[in-house]
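In: Okay, predicted coordinates and the sequence, questions at the end:
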Amino acid sequence: MRFAVLQFPASNCDQDAVHALRVLGHQADYVWHKDTALGSVDAVIIPGGFSYGDYLRTGAIARFSPIMTAVQQFAAEGGLVLGICNGFQILCEAGLLPGALIRNRSLQFRCEYVFLKTATFNSPFTCAIPPGKLLRIPVAHGEGCYYADPATLASLQANDQILWQYCDAQGQLTEAANPNGSLLNIAGVCNAKRNVAGLMPHPERACEAILGSEDGRYIFDSMIRTLQARSAMAPAA
Amino acid sequence: MDLSANSRGAPQAKLAARQKRTRHGRFDSAACVGERHRMAAGNMKARIIITPKKAVLDPQGKTVQNALEHLGYQGIRAVHVGKYIEIELDPAADPVAARKAIDEACHRFLSNPIIEDYYLEIV
């Protein structure tokens, strides 16, 4: 499968994402934010970092980069888009995902491993995660507190759009296990069409045993499984 | 507000009427008419104050409030920390059109309506 990994000024997890995808045996190419086309790709990753120095608000300037028009189009056509950390913030600013990410309740930058409970396996980003499996994946952010108004939260719940929630090692959604004060311990969500997702933790930093965890693979494997199923269903060219 | 920009010496009551402000993207034509007069004096600026919505957690405001109380300042009910943006505009521009454009920019880009309110004035 071919992945596009976007690069904005001050993206800093782009190389990690490309590396992880190549380790998983897939093709991953950088796409510069000033480009206007994604090329022939199967999925798009918007990586972490501090695009445009987080000026104004996280993701607020990046969302207007030329490449984002192509991403909007790709998403509208059903293409898979995953935003990681700053990528999640960019997708929320772009209106491709509901809600917003604000300053951590502690006001501290949190850089540590967290546990994630998968709230639904019904998505292209979670379908390959073994039921009951808690994902141990690192976070590294200062503005990852997920906020949405009560009506939006209710619709996220009603439509099964919450993908991951911060939990403790036993899978309990406790306040102590929540690194940033996110409402409902939300770590990641998807859109109503379920083809665009974002999460604050970094699965690309947890794809190799030598790095301390391979749990991030489940998320990319879910996307790959979905893409393989799609290409199997598509008529032969 | 920089009253010295008003070189025509308008009576205070009229001046106050011209200083009508808009919030949350409401378009206030009365304020714009007043602005048109004042613009003749020279500089035109958009001043934008962005604050977190009351329903949104504001840990920074809360921390500043705690610090103020720690310093002995009393009678503080709440602190909200936001941002201030000043945009210098072409003095020859039509202030009504300028307000409309900046108001749109506030809604679309300068603030995030999910988490923030804004307050715009053209001076």
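Out: Good, I have the coordinates. Numbering: from 1, shown residues only, chains lettered A, B, ... in the order given.

In: show me where chain A has strands.
Out: A:2-7, A:27-32, A:43-46, A:80-84, A:100-102, A:110-118, A:135-141, A:145-147, A:162-167, A:186-190, A:196-199 (DSSP state E).

In: One more: chain B?
Out: B:22-23, B:44-52, B:83-89, B:116-122.

In: Residue A:102 is nearest to which of the ones you listed?
Out: strand B:44-52 (7.7 Å; CB to CB). Glycine gets a C-beta too; all of them are placed from N, C-alpha and C.

In: Strand partners (parallel or antiparallel) of that closest one?
Out: strand B:83-89 (antiparallel), strand B:116-122 (antiparallel) (DSSP bridges).

In: export the last one as CSV, just CAs?
Out: Listed next in CSV are the C-alpha coordinates belonging to strand B:116-122 (Å, rounded to 0.1, in the frame of the first residue of the first chain):
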residue,chain,number,x,y,z
GLU,B,116,-13.4,30.7,21.6
ASP,B,117,-15.4,34.0,21.5
TYR,B,118,-14.1,37.1,19.8
TYR,B,119,-14.7,40.7,20.0
LEU,B,120,-13.9,43.0,17.1
GLU,B,121,-13.6,46.7,16.8
ILE,B,122,-12.4,48.9,14.0
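
In: Residue 73: neighbour count?
Out: Looking at chain A here, since you left the chain open. 12 (other CB atoms under 10 Å in any protein chain shown).

In: Can you look at chain B instead?
Out: For residue B:73, using other CB under 10 Å, the count is 10.

In: What parts of chain A come near chain B?
Out: A:56-57, A:60, A:64, A:93, A:99-100, A:102-107, A:145, A:147-149, A:181 (CB under 8 Å from any CB of the partner chain).

In: how close does residue A:23 sit to residue A:40?
Out: According to CB to CB, to the nearest Å, residue A:23 and residue A:40 sit 22 Å apart.

In: How about residue A:130?
Out: 32 Å.

In: again, but for residue A:1
Out: 11 Å.

In: out of those two, which sits in the more crowded spot?
Out: residue A:1 (19 against 7).

In: Contacts only, for that one.
Out: Residues counted as contacts of residue A:1 (CB atoms under 8 Å, 6 or more residues apart in numbering or on different chains) are A:26, A:27, A:42, A:43, A:224, A:227, A:228.

In: all helices of chain A, in order?
Out: A:14-23, A:66-76, A:86-93, A:150-158, A:217-233 (DSSP state H).

In: any idea of the angle the fourth one forms with strand A:186-190?
Out: If I follow you right, that is helix A:150-158. Interaxial angle of helix A:150-158 relative to strand A:186-190 (axes from the mean of the first three to the mean of the last three CA atoms, to 10 degrees): 70 degrees.

In: count of neighbours near residue B:54?
Out: 9.

In: Looking at chain A, what residue ends up closest to chain B?
Out: residue A:100 (4.5 Å; CB to the nearest CB).

In: Number of residues surrounding that residue?
Out: Close neighbours of residue A:100, defined as other CB under 10 Å, add up to 24.

In: All the helices of chain B, residue numbers only.
Out: Using DSSP H, helices in chain B cover B:12-18, B:29-39, B:59-70, B:95-105.

In: Residue A:107 against residue B:60, yeah?
Out: Yes - between residue A:107 and residue B:60 there is a contact under CB atoms under 8 Å: 6.5 Å.

In: Compare the two (neighbour count), which wins?
Out: Using other CB under 10 Å, the more surrounded residue of residue A:107 and residue B:60 is residue B:60, with 16 against 12.

In: these two touch, right, the more buried one and residue A:102?
Out: No - Residue B:60 lies out of contact with residue A:102 (CB under 8 Å); the separation is 9.9 Å.

In: Check which residues of stretch A:207-214 are buried.
Out: Neighbour counts using 16 or more other CB atoms under 10 Å in any protein chain shown place A:207, A:213 of stretch A:207-214 among the buried residues.

In: which outside residues touch that stretch?
Out: Contacts of stretch A:207-214 (CB under 8 Å, 6+ apart): A:20, A:23, A:24, A:113, A:136, A:137, A:138, A:205, A:206, A:216, A:217, A:220.

In: try it again with 7 Å
Out: A:20, A:23, A:24, A:136, A:137, A:205, A:206, A:216, A:217 (CB atoms under 7 Å, 6 or more residues apart in numbering or on different chains).

In: Dig out what the fourth one forms beta bridges with.
Out: The one in question is residue A:136. residue A:115.

In: need the contact list for it.
Out: So residue A:136 contacts A:113, A:115, A:213, A:215 (CB under 7 Å, 6+ apart).

In: Please apply the same query to the last one.
Out: For residue A:217, the contacting residues are A:24, A:207, taking CB under 7 Å, 6+ apart as the criterion.
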